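K.L.:
Based on what follows, work out the 3D shape:
(chains A and B)
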Amino acid sequence: DIVVTQSPLSLPVTPGEPASISCRSSQSLFYSNGYQYLDWYLQKPGQPPQLLIYLASNRAAGVPDRFSGSGSGTDFTLKISRVEAEDVGVYYCTQSLETPYIFGQGTKLEIK
Amino acid sequence: QVRLVQSGAEVKKPGASVKVSCKSSGYIFTHYVIHWMRQAPGQRLEWMGYIFADSGYTRHSQNFRDRITISRDTSASTAYMELSSLTAEDTATYYCARDSIEAPGTYFDYWGQGALVTVSS
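P.N.:
Have a look, this model is predicted:
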């Protein structure tokens, strides 16, 4: 199985400051079509997850442009340029290259 | 608008089965794959399996061996996930989510609201 590992697991951030989450895969997530099969989700308290970034760097519809995804191969990063109060929740990365699709442990972002 | 609406919370005894439904609206059901995930209290998301809404082809995680059955009714735009031989470890919120058949990659752009399944004697 392809496993993804996130860091940090806890991320206290002051509003207006940037934040960054790392996701490392046990195998390359590059596919022959040129895409990296890594996605990011945010789960706000009491809600289902919502898609933020797909195929490593594509923002989902309606996602603010302060969110960005980058990376390739086995190392990926989610960045928030300026954290807002509404960004609190647990962030998950997941590999979508092959089944079983495995989610990371989650990174809990909280406001200082 | 796109909606995935799941059935309500369930309480089951160990050894029983549970069947969760996921009704889609606002899009063409057969153009998508419906995936099922679950999340035990305080735990990460766990992918369980999927069904192609057009062909009915299914695939599931080996973690569930032969306990899981995923099906769909195209006339009702509804997918189902049945889990048998329940134990306390199956207590979780179960989610359905859709994924485009045609787009590259597998990503879940719309999710159901979740269905809490509690297994307790």
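K.L.:
How many residues are close by A:Pro8?
P.N.:
Neighbourhood size, A:Pro8 [other Cβ atoms under 10 Å in any protein chain shown]: 12. Bear in mind the C-beta positions are built from the backbone N, C-alpha and C, glycine included.
K.L.:
give the contact list for the closest residue to it other than its chain neighbours.
P.N.:
Leaving aside its chain neighbours, A:Pro8 sits nearest to A:Thr107 (6.2 Å; criterion: Cβ to Cβ, 6 or more residues apart in numbering or on different chains). By Cβ atoms under 8 Å, 6 or more residues apart in numbering or on different chains, the contact list for A:Thr107 reads A:Gln6, A:Ser7, A:Pro8, A:Leu9, A:Ser10, A:Leu11, A:Ile21, A:Val90, A:Tyr91, A:Tyr92.
K.L.:
at 7 Å instead, please
P.N.:
Taking Cβ atoms under 7 Å, 6 or more residues apart in numbering or on different chains, we find A:Thr107 in contact with A:Gln6, A:Pro8, A:Leu9, A:Leu11, A:Ile21, A:Val90, A:Tyr91.
K.L.:
Kindly report the residues of chain B close to chain A.
P.N.:
With Cβ under 7 Å from any Cβ of the partner chain as the criterion, chain B meets chain A at residues B:44-45, B:47, B:59, B:61, B:95, B:104-109, B:111-114.
K.L.:
Most neighbours among the residues you listed, which one?
P.N.:
Neighbour-wise, the residues of chain B next to chain A (other Cβ under 10 Å) top out at B:Phe108, 29 neighbours.
K.L.:
could you measure it against B:Ser84, distance?
P.N.:
B:Phe108 is 25 Å from B:Ser84, where distance means Cβ to Cβ, to the nearest Å.
K.L.:
Residues contacting stretch B:83-90, please?
P.N.:
Residues outside stretch B:83-90 that contact it (Cβ under 7 Å, 6+ apart) are B:Lys12, B:Pro14, B:Gly15, B:Ala16, B:Ser17, B:Val18, B:Arg67, B:Ile68, B:Val117, B:Val119, B:Ser120.
K.L.:
nearest to B:Ala79, of those?
P.N.:
Nearest to B:Ala79 out of those is B:Ile68 (Cβ to Cβ; 12.7 Å).
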